[in-house]
Structures are given as C-alpha cells and as structure tokens.
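give me a model of this one.
(chains A and B)
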Amino acid sequence: MKDNFLLEIKELRASIDTKEILKGLNLEVGYGEIHAIMGPNGSGKSTLANVLTGRDIATVTHGSVTYEGHNLLEMSPEERARDGIFLSFQYPIEIPGVSMVNFMKTAINEQRRHRGLEPLSASDFLRLMREKKELVEIDSALTNRSVNEGFSGGEKKKNEIFQMALLEPRLALLDETDSGLDIDALRIVANGVNKIRKPDTSVIVITHYQRLLDYIVPDFVHVMYDGRIVKSAGPELALELEERGYDWIRKEADVNEESWTTDRK
Amino acid sequence: MDYRPEVISKMSALYADSREGFLKDSPELFNRYRENAFMEFMSLGIPDRKNEAYKYTNLETFLSYNYQDYYSPVPADFTEAEKFHCEVEDLDVWNIVLLNGFFPNSEKGLVMLPGGIWVGSMKSAVKQFPALVEKHYNKYVDNAKDGLVPLNTALASDGLFIYAPKHTVYTKPIQIVNLLHSDKDIFVQDRNLVVLEDGAQLSLLVCDHAISPQHFLTNTITEVYVGCNARFDIVRVQNQHNNSGKITHTFIHQERDSYASSNNISLHGGLVRNATWHYLAGENGETHSYGLFLADKHQHIGNFVNIDHAAPNCNSTQLFKGVLDDNSTGAFNGRIMVHKIAQGTNAFQRNNNIILSDSAKMDTKPQLEIFADDVKCSHGATVGQLDENALFYLRSRGIDEREARLMLMFGFAHEVIQNIPIEALRDRIDNLVLQRLRGELSRCASCAIQCN
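Numbering: from 1, shown residues only, chains lettered A, B, ... in the order given. The predicted structure is shown next:
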C-alpha cells in the first residue's frame, strides 16, 4: 500500500510558537499526480509548505510525513532537496553577491554527489543552463546576475521555475507561484512547469486562484481551512470555489466537528 | 592603569638615541620636520578612547609591547627578502619587495618603468627630485589630530617613492609586497610618497605580510598627490599574523577632475587600523573608499575614513563591510566633511557587518558635518547575522548548511571586492577571501611565502 504514494501525510499537527497552525492534516500524493491546495488566507497552506521543505519556523507536534517510504521529518532541508523535493517560493529571496551560475552549479553538483555521480564539467553545466533557459523562456541576462537581485516579481517566479527545470524534482511544491503574475507571465510559468514535468513527477500547487489550474490541470483539488483539509474533489471544485468563494466551505467545516480525511478511491 | 606615559617616555628615549644614530643618515628633508613632529607627538600623546577617531580601537596591547628594536636595515637582510618575489598567474604586475618598510638597495637610485614612471626609495628620490619631494613631502598629512602621525614623521627614515610625471600612464598595476621579517620584535615606521601629476594614471597593489613569527607593529604613512584629471587606485591586502599590528594612515589629496579609489582588504592581523583620508581639493573630483575585513579569535580591525569635500561638485562613496567571528572586534568610523564652498556635493556612505558569534563586537559610527546647502549625503549602517531566509533558500536547493553559509558570506564580501578595478586581481582576492572564509590559511597558490 505504502508504495502507492510518493508522499503520505498523516494527522499532521504543527505550531508556530504556541499557536497551532496545522491541526491534523491528512494528504496522500501518488506518483505523477497533480494536487491543488486552495483555501483562505491563514488556513495553513504556507506552513504546510514550510514543514514539507524543512523550514524550522513551525514545530511538528504530532503525526507523520512519509516520502518515498522515508520519514521526511527527520531529514534536513538539503537532504530533502537532494532526494527530489523542490519548493517554488512564494517570495523568492534576493541574495546579492551570489551569482545564479555559482548557485545552481553548486546545487546540481551536491545533488549529483548525493546520487553517486561525478560533478558536471563547466561546459556541460553551461550547456544544461542554456537548454533549460530556453525551456522556461527566461532571459539570459537574468541568469548572469546575482540570485534574484533586482528581479521583478514575474522574473523571480520564472527564476524559480528555471531552478526547478535544472534540479528536476520528483515532488514540486508551487507556493502561490501565480500570485502577482500577469497573464503572459502566468502562461510562461505554467507552461514551464508542464514542460519540465515527467510522467512520474508529482506536483502540489498551492494557490488562491483558479486561473493557474487552467494551465496546470490538477487531478485533485483540496480545500484547506483552519489547519486541515476539509474538502477534496476533482478539478471542478476549483471552479466552484472561484465562483462561490470560501464562505460555504467555512460553514460546512464549522458545522462538522469531526476531523476530515481525504478519502481516496 | 594608563600604559601610555611609559610608552611615551620610551619613545622619548628612543628618539633621542636615534637622532644621534641611524636618523643622522636620513635625508635632510626628513630631519627638517622631525623636531616639530616629535613635539607634536609629545603634546598629542598616544590616541586613546577619548579621541573620537579611536573611540572603539584600543591600541594598548600592541603599543605597550616591549619592542626590541626600531628597524634600520642592513644590506644582507635584502638577499633574504629577494626570495619572496611573488608570481601571480594572470596578473601582470611590476613587483617590488619592501623589507620592513625599506626599499632594497636604497642608495641605488630610482628605476624608470615603461611609460616614464619612477619608482624607488625616498632616500633616492630626495637626491634625484629634490624640488618635487620637497613640494609634496609632509604636505598632505594632518599632524594635529592623531599622535601616531607626527610620531611617524619624527621617526621615519625611508620608504617608497613613486612618481608619475604629467600624462604618464602605467597600465599594469604596481605591486608592493611589504614583508615583515626579523629575528627581533620590531616597530616599523615607514614613510611613503606617491605623486601623480596632471593626467597621470597608475594603480597600486600593496600586500602586507609578516613572515617571521615575531611581534611586529607597523605605523605607516602614505601621502598621495593626485593631480588634475589624474587617476589613482590603491588596493591593500593585509594578511599578517596575530602578533602583528598594522596601523596605516593614507592621505590622498586630489586636484580638480581627478579620480581616486582605495580598497582595504584586511584578511588577517592581530590589530589592524586603517585611516584613509581623502581630500577633494579641486572641483569635479571623484573619490571612493572601500574596505572589507574578516576577523576572528581576538583580532581587532578598525577602519577610519575621512572625506573632505573642500571643492564644489565632487562625488564620494564609502563602502565598508566586516565579518566577525569568535571574540573579534571591529570598528568603522566614517566622517564626511562638506566645506562651505562645496556646493553640489554627493557623498554616500554605507557600512554593513555580519557577526557570527555571540561574543564578537562591532562598533560603527557615521559622522557627517555639512556646511554647504546644496548637498546630497546619505549614510547607513547595519550589524546583524546571516540572513536566515537566504540560508534556507540555498539549503532548499540541496546545498548543505556549511557551504550555504560560506556562499552567503562570500556574496556579502564580494560586493566590496567587485569594486577592485583590475579583473585578475578581483579574482585573486575573491579566492583569498574564500580560503579565509573556509578557515584555510589564505595565500595565493604560487606564493613563495610558505609560512606556517
């Protein structure tokens, strides 16, 4: 049974300081599946992304997260990344003085070392950069600069997808990658994700808006509210949320005192 | 207890001895200023923390140390020093090795480099260009604020002289390898003069090394005259050991339409204090003062910068950065003085520091004095830790924590290094900084100085 899922989250509870943010969350992501997680502000979506990538802002108090059969919560952020987890940041960080080239070269070679491969030569690396740059339609000038420094919002998001293309993750988490993008940038970013994806790459898309899901079509849509997934359905749920908002979900969730689980067929 | 009276009385005795001894042979021009300078030193004393410019730099450990000797060279010393010629790949320089502040074969006369630039000892310069040296020697120093400045004027007997006549351009950097090497604990006071006449252009790379483990203290003055429309760049790389103290006073005097930049890279040293004085005497001058230091253990590294805008429409920038670990301390004091006449001044200052341990300490102080009204001045300072968000960002891409910290520190440092005007030198200093950050002994791959 276990091997059916790439990622399995069970009864996950996590707090920031003393405030509980995740309150018994369950989620199972199979190989090659696309899951969308939607939900109102403050429902715990970003905290979930933090917990999955190992950012120590939140403390896990209960539950388990299994990734490829391993206890994910015991792994350092870098181990998770080398094992194929990638987070596209909601707010990518500017790092003056660190060049994109050096950053990605180090990242790729750490990943290769982890997999028992030789480091890429400078020329092979540059070839790879060029190839992926075209794939995600990122401007050459950007990759010659310091990491995200002086990039516009859209450029930063494109740069996340560019990094994803280079690192070829098995599980990609897109944390509000669509926020603040105009329609052209959104299309480029979404197409980038689609082009990078291999059949067994799984994606978790965290978003407020349905429009990204026109391009990256999810297999499942989950609604998060108050630290749990309170509703799961197919892509049609996203459309319904777009139309009706979240109030009806809130009412439903508040009425139902029981904890929700994501029932899968 | 105040250590200073004892040091001053020792200096007094030394001065009296030396006047009858090795100072006798030094140029008449030097001797002319000695007496007054020494009086000045006696009245100013050794700067302590009551002196604003030394508020955060305590000289006691290094000044109260009992140095056995004030260095005066004998020719045999230089054959030893000859070994330390430094070959740098990709960096085409003209190279001079100075031993304890002295030019080898001081009496031999000046050397002319291609393009017509003269290099040699001050002693030779006084003979060969008496009027020129007289015109510039001791003219740009400020002997009235810091006792260590007149102390140098009183005790220095030689140093390096560089003269770029009108419109001469030397395209390669001139590299000065300053070696400290002695079997005694010594106090070195060298006195250097660089003159760039109108339209001349040259860049200096000064590498400071201590190659024997003795206690050293160096109190250096470098006076620089940058004529109209001339361009001068100086990069100092300070890489000494923990028993070595280095105090530098660099006075850069700029005429109209001139350009100057100074870059102090302090990688290692028990005590380092760099005072860089920029005097914009003519209209439309541009001057930049940069600095980077990496300190750990009990090291102290201080930078004092003074920029005088004494003419209209000049631009200046100061960018200083420090990384402090263990129990190290650092200080930055950046002063901008805009004279009444200096309308249209643009002056910018920034100081950023990263503290890696709980016990390291950084003091930073901007000081702006503005007497003109059409002026753009800004300053900013930060003291903080590595950015946790940036650290996580790198780790989230698979880079391990240690490497990620290194990359961030290096990125932080690189903002200063990128201002070094010579590309090959930038790369080399990038490497030195990286080695230092990795905790390795930082030296160039081909360095002959195999110190342990």
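
just the element for A:Lys105, please.
Under the criterion DSSP states H and E, the helix or strand holding A:Lys105 is helix A:100-114.

which outside residues touch that helix?
In this structure, residues lying in contact with helix A:100-114 by C-beta atoms under 8 Å, 6 or more residues apart in numbering or on different chains are A:78, A:81-83, A:95, A:118-120, A:125, A:128-129, A:142-147, A:159, A:163, A:166-167, B:394, B:397-400, B:403, B:407. Quick note: C-beta positions are derived from backbone N, CA and C, even for glycine.

redo that, cut-off 6 Å
Here helix A:100-114 makes contact (C-beta atoms under 6 Å, 6 or more residues apart in numbering or on different chains) with A:Arg82, A:Pro119, A:Phe125, A:Thr143, A:Val147, A:Leu166, B:Arg397, B:Gly398, B:Ile399.

excluding its backbone neighbours, what's nearest the residue in the stretch 101-250 of chain A that chain B sits nearest to?
The stretch 101-250 of chain A approaches chain B most closely through A:Ala107 (4.1 Å), counting by C-beta to the nearest C-beta. Once flanking residues are discounted, A:Ala107 sits nearest to B:Arg397: 4.1 Å by C-beta to C-beta, 6 or more residues apart in numbering or on different chains.

okay, that neighbour: pLDDT?
Looking at B:Arg397, its pLDDT reads 97.

in a helix, it, correct?
No - applying DSSP: H, G, I helix; E, B strand; the rest coil, one finds B:Arg397 to be coil, outside a helix.

count of neighbours near it?
26 (other C-beta atoms under 10 Å in any protein chain shown).

out of the helices and strands in chain B, which is least certain?
Lowest mean confidence among the helices and strands of chain B (mean pLDDT, DSSP states H and E): helix B:76-81, at a mean of 66.

name the helices or strands packed onto the helix or strand just after it?
Downstream of helix B:76-81, the next assigned helix or strand under DSSP H and E is strand B:94-99. Applying 3 or more C-beta pairs under 6 Å, 6 or more residues apart in numbering or on different chains; DSSP states H and E, one finds that strand B:94-99 contacts helix B:76-81, strand B:174-180.

got the CA coordinates for strand B:94-99 in CSV?
C-alpha atoms of strand B:94-99 as CSV (Å, rounded to 0.1, in the frame of the first residue of the first chain):
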residue,chain,number,x,y,z
TRP,B,94,55.5,45.2,-11.8
ASN,B,95,56.7,43.9,-8.5
ILE,B,96,58.7,45.4,-5.6
VAL,B,97,59.5,43.7,-2.4
LEU,B,98,60.0,46.0,0.6
LEU,B,99,61.5,44.7,3.8
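
about what we covered before: distance from the chain centre to the helix holding A:Lys105, please.
Chain-centre distance of helix A:100-114: 20 Å, with C-alpha atoms, centre = their mean, to the nearest Å.

who does the helix or strand that it is followed by touch, helix- and strand-wise?
Once helix A:100-114 ends, the next helix or strand along the chain (criterion: DSSP H and E) is helix A:122-136. On a contact count with 3+ C-beta pairs under 6 Å, 6+ apart, helix A:122-136 meets helix A:153-167.

any chance you could list what contacts the following helix or strand past the helix it packs on?
Going down the chain from helix A:153-167, the next helix or strand is strand A:171-175, by DSSP H and E. Residues outside strand A:171-175 that contact it (C-beta under 6 Å, 6+ apart): A:6, A:49, A:85-88, A:90, A:164, A:202-206.

give me that answer again for 8 Å
Strand A:171-175 is contacted from outside by A:6-7, A:29, A:45-46, A:49, A:52-53, A:67, A:84-90, A:164, A:193, A:197, A:201-207, A:216, using C-beta under 8 Å, 6+ apart.

partner strands of that strand, with direction?
Strand A:171-175 pairs in its sheet with strand A:85-88 (parallel), strand A:202-206 (parallel), by DSSP bridges.

among those strands, which is the most enclosed?
strand A:85-88 (a mean of 26; mean count of other C-beta atoms under 10 Å in any protein chain shown).

mind exporting that strand as CSV, just the C-alpha atoms?
Extracted C-alpha coordinates of strand A:85-88, given in CSV (Å, rounded to 0.1, in the frame of the first residue of the first chain):
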residue,chain,number,x,y,z
ILE,A,85,11.7,17.8,-3.2
PHE,A,86,11.5,21.3,-4.7
LEU,A,87,9.7,24.4,-3.4
SER,A,88,9.0,27.3,-5.7
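
now it: how far from the chain's centre is it?
Computed by C-alpha atoms, centre = their mean, the chain-centroid distance of strand A:85-88 equals 5 Å.

coming back round to it: will you turn the strands paired with strand A:171-175 into TSV that also has mean pLDDT?
Output for the strands paired with strand A:171-175, formatted as TSV (pLDDT from 0 to 100):
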stretch	mean pLDDT
strand A:85-88	97
strand A:202-206	96
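
which bits of chain A sit near chain B?
A:53-55, A:76-78, A:80-82, A:86-87, A:89, A:92-93, A:95-98, A:102-104, A:106-107, A:110-111, A:114, A:146-147, A:163, A:167 (C-beta under 8 Å from any C-beta of the partner chain).

OK, contacts around A:Arg80?
Counting by C-beta under 8 Å, 6+ apart, A:Arg80 has contacts A:Leu52, A:Thr53, A:Gly54, A:Tyr67, A:Leu72, B:Ser396.

all good on my end, thank you.
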